[in-house]
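S.K.: model the structure of this input:
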Amino acid sequence: MLDKLREIEMLYMQGQKRYDEMEMHPKIMQFYLKEQPVSDVEYHDVLDLMGFTFPADLAEFYHYKNGSGTLEVIVTSKERRYRMLSLAAMIELKMYFQNKIEPSKSTSGYDHIEDPTWIAFAASEDGSFLLLDTQKQVILEYQFGTQVCVTKAADSFTQLLTTTIEKLKEIV
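M.R.: From the prediction side, this is the model:
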């Protein structure tokens, strides 16, 4: 997994453009490179709090970086690019959706995101999320909107990174 993530980092540094061909501000990569990994204690505290374990490749990411800051390290389409959430942001988001008094209505755009077996680990500018289905251990793409669309995005985090590399190579 790390080799694929490092390839994405190199593609961004070579091209200095996002997948939508917008110029990337040079500070974005600098901020990303400064992101620190989570400590083993923090990581295990989160797992204890959430009550599940991450797949090995996603765990490896968080032992490398605690989120991606503003760098969109995952690309699913030209319209959707995702930044990895820090573990703290992941918990806050999970708590927000799990502690809602009333489930979402279809007009809110977030139907069924309260599913206790799903956890968002990446977010898009448009309010969409990449979710880990903790029971099936697959990645789902939760596309925000009045008509919610939840689709299987990948079998693994590594597969998402492989797809991102292919998409980034199209523009570099």
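S.K.: the residue nearest the centre of the chain pairs with what?
M.R.: What sits nearest the mean C-alpha location of the chain, by Cα atoms, centre = their mean, is Ala122, with 2.1 Å. Ala122 forms beta bridges with Met84, Leu130, as assigned by DSSP bridges.
S.K.: would you mind confirming that it is in contact with Tyr82?
M.R.: Yes - using Cβ atoms under 8 Å, Ala122 makes contact with Tyr82 at a distance of 3.8 Å. (C-beta placed from N, C-alpha, C; glycine too.)
S.K.: common neighbours of these two, please.
M.R.: Shared contacts of Ala122 and Tyr82, defined by Cβ atoms under 8 Å, 6 or more residues apart in numbering, comprise 74, 129-130.
S.K.: most neighbours among the residues you listed, which one is it?
M.R.: The most crowded member of the shared contacts of Ala122 and Tyr82, judged by other Cβ atoms under 10 Å, is Ile74 (28 neighbours).
S.K.: contact partners for it?
M.R.: Contacts of Ile74 (Cβ under 8 Å, 6+ apart): 81-84, 122, 130, 160-161, 164.
S.K.: distance of it relative to Glu60?
M.R.: Distance of Ile74 to Glu60, computed by Cβ to Cβ, to the nearest Å: 15 Å.
S.K.: in which helix or strand would I find Glu166?
M.R.: Under the criterion of DSSP states H and E, Glu166 resides in helix 157-169.
S.K.: same thing with Tyr12?
M.R.: For Tyr12, the host element (DSSP H and E) is helix 2-15.
S.K.: any idea which helix or strand comes after that helix?
M.R.: Next in sequence after helix 2-15, counting helices and strands by DSSP H and E, comes helix 26-34.
S.K.: list the buried residues in the helix or strand following that following helix.
M.R.: Next helix or strand after helix 26-34 toward the C-terminus (DSSP H and E): helix 40-50. Neighbour-count burial for helix 40-50, counted by 16 or more other Cβ atoms under 10 Å, picks out 43, 46.
S.K.: many thanks, have a good one.
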